[in-house]
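>>> here is the input, now give the coordinates:
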Amino acid sequence: MAWHGASFESILAIIVAVLFAVAGVINLTGRGAVKRDFARWGYPAWFRLLCGTLELLTAALLFGQHTRVLGLALAGAIMIGALFTLLRNREPFAHLAPAVVFSALVVATVVLRG
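Predicted coordinates:
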């Protein structure tokens, strides 16, 4: 079976959407160290909820073929903010690596979209 750019782009976009949905749920529920991390980074409690909501919106937009460009734009903006936060706070590579992978997947989806 031959892979076509459009189908691979759609599969990659769905993977990115699922990752953003999981991140959104984690931020909204505040599980683990999430609440402590946002406080340590100097963000108010509501900002974690805003991030989680925007991540879920990103996921929803990425699932739709007609809304995918908006989803990719929002995903890019979220990842710029996340990377800025992690670098500004000198987070260790183990904390930075997932954000780098998310960012690379977003960029790859944009590139495949053409």
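>>> which residues touch the helix or strand of the chain with the lowest mean pLDDT?
Lowest mean confidence among the helices and strands of the chain (mean pLDDT, DSSP states H and E): helix 5-29, at a mean of 92. Contact with helix 5-29 is made by 32, 34, 48-49, 51-56, 58-60, 62-63, 65, 68, 71-72, 75, 78, 102, 105-106, 108-109, 112-114, as judged by CB atoms under 8 Å, 6 or more residues apart in numbering. Placement of C-beta: from N, CA and C, glycine included.
>>> cool, stretch 107-114 as well?
Outside stretch 107-114, the residues touching it (CB under 8 Å, 6+ apart) are 5, 8-9, 12-13, 16, 68-69, 72, 76.
>>> so for it, what gets flagged as buried?
108-110, 112 (16 or more other CB atoms under 10 Å).
>>> for the chain, which segments count as helices?
Using DSSP state H, the helices of the chain run over 5-29, 34-40, 45-63, 68-88, 93-113.
>>> report the angle between the first one and helix 68-88.
Spelled out, that is helix 5-29. 50 degrees (axes from the mean of the first three to the mean of the last three CA atoms, to 10 degrees).
>>> helix 5-29 versus helix 93-113: what angle between them?
Going by the same axes, to 10 degrees, helix 5-29 makes 140 degrees with helix 93-113.
>>> what does the fourth one give?
Calculated by the same axes, to 10 degrees, helix 68-88 forms an angle of 160 degrees with helix 93-113.
>>> what residues of the least confident helix or strand of the chain count as buried?
9-10, 12-13, 16-17, 19-21, 23-24, 26-28.
>>> for the residues you listed, which one is nearest A39?
N27 (13.2 Å; CB to CB).
>>> in contact with the nearest residue to the closest one once chain neighbours are set aside, which residues?
Spatially, and ignoring its direct neighbours in sequence, N27 is nearest to G52 (3.3 Å; CB to CB, 6 or more residues apart in numbering). Contacts for G52 (CB under 8 Å, 6+ apart) come out as 23-28.
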